[in-house]
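S.K.: show me how the following folds:
(one chain, ligands or ions: 2)
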Amino acid sequence: MTFGLHFGMIHIYVSTVRMKRRGKSDTIYLKYRHKLRKVKKQRYVNTGGICEKCGKAFKADKLEIHHVESVTTHPELATSYKNIRLLCHECHVDLHRKQRAEQLASERGW
Ligand SMILES: [Zn+2]
Ligand SMILES: [Zn+2]
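M.R.: Ligands and ions are numbered 1, 2, ... in the order given. Got it, this is the predicted structure:
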């Protein structure tokens with residue numbers, strides 16, 4: 001087996017795992033959407049309507065719910081006030097990009 005082929009297979013495997021994970025979290029989001037909306041509102045009011053990472057003020061619909069412990073590994077914390085952070089889109093994407101990079105590195109044993 002050539003190195004290129006081997007690497008390609010690992011890539012397909014990782015993408016499949018990620019797709020399954022994504023499907024699971026979507027189900028959880030759908031299931032808890034009413035409760036999540038409530039918790040988000042509560043958190044928005046308590047934090048004063050800012051992104052909890054960069055500290056800039058945003059309208060509620062521009063802030064996204066981030067779970068400190070991922071809902072795929074901790075579904076019981078999906079609507080936990082303490083497990084939720086409100087982040088602007090930019091910070092949220094940035095955070096997940098970093099987490100993904102770390103996760104990929106650990107999956108590959110780096
Ligand atoms: Zn931000
Ligand atoms: Zn998130």
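
S.K.: distance between the longest helix seen in the chain and the chain's centre?
M.R.: Longest helix of the chain, by residue count under DSSP state H: helix 3-31. Relative to its chain's centre, helix 3-31 lies at 14 Å (CA atoms, centre = their mean, to the nearest Å).

S.K.: buried ones in it, by neighbour count?
M.R.: 25, 28 (16 or more other CB atoms under 10 Å). Yep, even glycine has a C-beta here, placed from its N, CA and C like the rest.

S.K.: next one: stretch 31-40
M.R.: 32, 36, 39-40.

S.K.: where do the strands sit along this structure?
M.R.: 63-67, 84-88 (DSSP state E).

S.K.: out of those, nearest to residue 105?
M.R.: The closest of the strands of the chain to residue 105 is strand 63-67. By CB to CB, the value is 20.7 Å.

S.K.: what about residue 81, how many residues close to it?
M.R.: 12 (other CB atoms under 10 Å).

S.K.: from residue 21, how far off is the residue nearest to it when sequence neighbours are not counted?
M.R.: Closest residue to residue 81 apart from its sequence neighbours, by CB to CB, 6 or more residues apart in numbering: residue 39 at 5.5 Å. Here the criterion is CB to CB, to the nearest Å. By it, residue 39 lies 22 Å from residue 21.

S.K.: now do residue 110
M.R.: Taking CB to CB, one finds residue 110 at 20 Å from residue 21.
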